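Trainee: here is my input; please provide its structure:
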Amino acid sequence: EKAVDPISFVTYQMYAIVRDLIDECVEGTPDVWDFANEVSIIGGIMINRYKGGDFFQPLSFETRVKDGSSKGKVIDLYDEAF
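Mentor: From the prediction side, this is the model:
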């Protein structure tokens, strides 16, 4: 709410909303584990630049491994990858 740039604030808020929706989709689709033992999810924002092309800024990278729960065991890979 005290962001210097309101567009950045809204962008990060939207990222958080979409991240939560993806979490809900994985948890709400328990049969995903009937077809996969692991699901990897990378999340971030697109930065549109006037020059030099657009840029993807990764903000999360995780894998979920089948463990008997609907969510799966979450393993954070962000620091290792980026």
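Trainee: residues touching residue 32, list them.
Mentor: 26, 39 (Cβ atoms under 8 Å, 6 or more residues apart in numbering). (Glycine included, C-beta is placed from N, CA and C.)
Trainee: tell me the pLDDT of it.
Mentor: Per-residue confidence at residue 32 stands at 88 (pLDDT).
Trainee: let the chain start at 54 from now.
Mentor: Taking 54 as the first residue, the last one we looked at is residue 85.
Trainee: any idea how far residue 59 is from it?
Mentor: Separation of residue 85 from residue 59 (Cβ to Cβ, to the nearest Å): 37 Å.
Trainee: and for residue 117, the neighbour number?
Mentor: A count of neighbours around residue 117, defined by other Cβ atoms under 10 Å, yields 22.
Trainee: which element is it on?
Mentor: strand 108-118 (DSSP states H and E).
Trainee: repeat for residue 72
Mentor: Using DSSP H and E, residue 72 falls within helix 59-80.
Trainee: now do the helix or strand following that helix: distance to the chain's middle.
Mentor: Remark: after helix 59-80, the chain's next helix or strand is helix 85-88, criterion DSSP H and E. Relative to the chain's own centre, helix 85-88 is displaced by 20 Å; criterion: Cα atoms, centre = their mean, to the nearest Å.
Trainee: buried ones in helix 85-88, by neighbour count?
Mentor: If you call a residue buried by 16 or more other Cβ atoms under 10 Å, then helix 85-88 has these buried ones: 85-86.
Trainee: kindly report the same for stretch 68-79.
Mentor: 68, 79.
Trainee: the closest residue in space to residue 134 that isn't next to it in sequence: neighbouring residues, count only.
Mentor: In space, and not counting its chain neighbours, residue 134 is closest to residue 114: 5.1 Å by Cβ to Cβ, 6 or more residues apart in numbering. Using other Cβ under 10 Å, residue 114 is surrounded by 18 other residues.
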